[in-house]
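Colleague: Fold the following and give me the result.
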Amino acid sequence: MTTAPAVPLDPDLLAAAHLRVDRTGPVVTVTLDRPEARNAQTPTTWRALAAVGASLDDDVRVVVLRGAGASFSAGLDRSMLDPTRSAPGVESVVDLLAMDDAGMSATIDDYQRGFTWLRDPRWVSVAAVQGHAIGAGFQLALSCDLRVLGDDAQLCMKEAALGLVPDLTGTKPLVEAVGYARALEICAIARVVPAEEAVSIGLALAAVPTDQLDDTVAHLVAALVAPMSGAVRETKALLLSASSTPLEEQRRLEREAQGRRFRELAALAGA
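Modeller: Purely as a prediction, here's the structure:
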């Protein structure tokens, strides 16, 4: 399990991205804090999210992602698709049109890093979703290991309706959660999936009254930090590899992980 050194967070970048980052012991809470725009996202949001991931040290065990106000995130800020509304000096999605294919791909790769760090085996990520989780908002929730919904949650992969595709790493976890056919239907017709259905098809752990969402997530977080950190991290790594790894290789990974666990437990017992 590889780790990278933590990188200090730039408060100006967080402010520009409308992100709040709070830490209590091993739990980090990242809040999309632009409620007047239903927490719409921009390229600056994605770069700041990637910076948050790079800033976390190995003592972090749980990351909670949430949105301020009535919505988790309504997705991409539509002004980012309109060249007439681009502000000077502010990165916009329309800037991609001026790039060659290699530059466009590299830039989207940078944007995707704002989502992929949530899958790091060092922590368990939890999306607390209320109201709208649309497009990039849905993909951000899908990037988390676990999703808990308020009963007012509405999930939608809106990209096809805009002539685009989901490119912020949402396709793989969506298929893994609901299967190919259901994922295709959800994406191709940009259908809204309500909270109750999301639970029934495997997109979320639970849907609770929205005024109980914070308490429900808090109880889940407390349960996640109760076991030894090494056991949870090793288990997450094994589960992440399970679907794409041949059985013999997965068996080897399990043996090696268990060996590390036995040695750590023995060391603690002898300390």
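Colleague: Next, the spatially closest residue to Arg78 that is not a sequence neighbour: phi, psi?
Modeller: Using C-beta to C-beta, 6 or more residues apart in numbering and skipping the chain neighbours, the partner closest in space to Arg78 is Ala40 (7.6 Å). C-beta: built from backbone N, CA, C; applies to glycine. With angles defined as degrees, to the nearest 10, Ala40 sits at phi -60, psi 150.
Colleague: Would you mind confirming that Ala40 is in contact with Ser71?
Modeller: No. Counting by C-beta atoms under 8 Å, Ala40 stays clear of Ser71, with 9.1 Å between them.
Colleague: tally of neighbours for the residue nearest to Arg78?
Modeller: Neighbour count of Ala40, defined by other C-beta atoms under 10 Å: 24.
Colleague: and what of Asp109?
Modeller: Neighbour tally, Asp109, other C-beta under 10 Å: 11.
Colleague: tell me which element it falls in.
Modeller: helix 101-116 (DSSP states H and E).
Colleague: next one: Glu264
Modeller: helix 247-270.
Colleague: and if you look at Val28?
Modeller: Here Val28 is covered by strand 27-32, with elements defined by DSSP H and E.
Colleague: After that strand, which helix or strand is next?
Modeller: Where DSSP H and E defines the elements, the next helix or strand beyond strand 27-32 is helix 43-55.
Colleague: Where does the prediction get shaky in this protein?
Modeller: Residue ranges of the chain with pLDDT under 70: 1-5, 86.
Colleague: Which stretches in it count as strands?
Modeller: Secondary structure of the chain (DSSP state E): strands at 19-24, 27-32, 62-67, 124-129, 132-134, 146-150, 154-156, 193-194, 206-208.
Colleague: In TSV, list the ones you listed along with distance to Gly230.
Modeller: Formatted as TSV, the strands of the chain follow (distance: least, C-beta to C-beta, whole Å):
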stretch	distance to Gly230
strand 19-24	21
strand 27-32	17
strand 62-67	15
strand 124-129	13
strand 132-134	32
strand 146-150	19
strand 154-156	33
strand 193-194	36
strand 206-208	27
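Colleague: any idea how far Val28 lies from Cys144?
Modeller: Distance of Val28 to Cys144, computed by C-beta to C-beta, to the nearest Å: 13 Å.
Colleague: and for these two, which residues touch both?
Modeller: Val63 (C-beta atoms under 8 Å, 6 or more residues apart in numbering).
Colleague: can you pull the buried residues of stretch 36-48?
Modeller: For stretch 36-48, the neighbour count (16 or more other C-beta atoms under 10 Å) marks Ala37, Arg38, Asn39, Ala40, Gln41, Thr42, Pro43, Thr44, Thr45, Trp46, Arg47, Ala48 as buried.
Colleague: of those, closest to Asp10?
Modeller: Nearest to Asp10 among those, counting by C-beta to C-beta, is Ala48 at 8.3 Å.
Colleague: With mean neighbour count and distance to Pro83 added, can I get the strands of the chain in CSV?
Modeller: Compiled in CSV, the strands of the chain are given as follows (neighbours: other C-beta atoms under 10 Å; distance: least, C-beta to C-beta, whole Å):
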stretch, mean neighbour count, distance to Pro83
strand 19-24, 14, 26
strand 27-32, 21, 25
strand 62-67, 25, 28
strand 124-129, 26, 32
strand 132-134, 27, 22
strand 146-150, 25, 35
strand 154-156, 22, 25
strand 193-194, 18, 32
strand 206-208, 20, 39
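Colleague: Ser241: which of the ones you listed is closest?
Modeller: Among these, strand 124-129 sits nearest to Ser241 (C-beta to C-beta), with 16.0 Å.
Colleague: So which elements touch the closest one?
Modeller: Applying 3 or more C-beta pairs under 8 Å, 6 or more residues apart in numbering; DSSP states H and E, one finds that strand 124-129 contacts strand 62-67, helix 136-143, strand 146-150, helix 213-224.
Colleague: Of these, which is nearest Gly202?
Modeller: strand 146-150 (10.1 Å).
Colleague: Can you name the residues in contact with the closest one?
Modeller: Residues from elsewhere that reach strand 146-150 (C-beta under 8 Å, 6+ apart): 124-131, 141, 195, 198-199, 203-210, 213, 216-217, 220.
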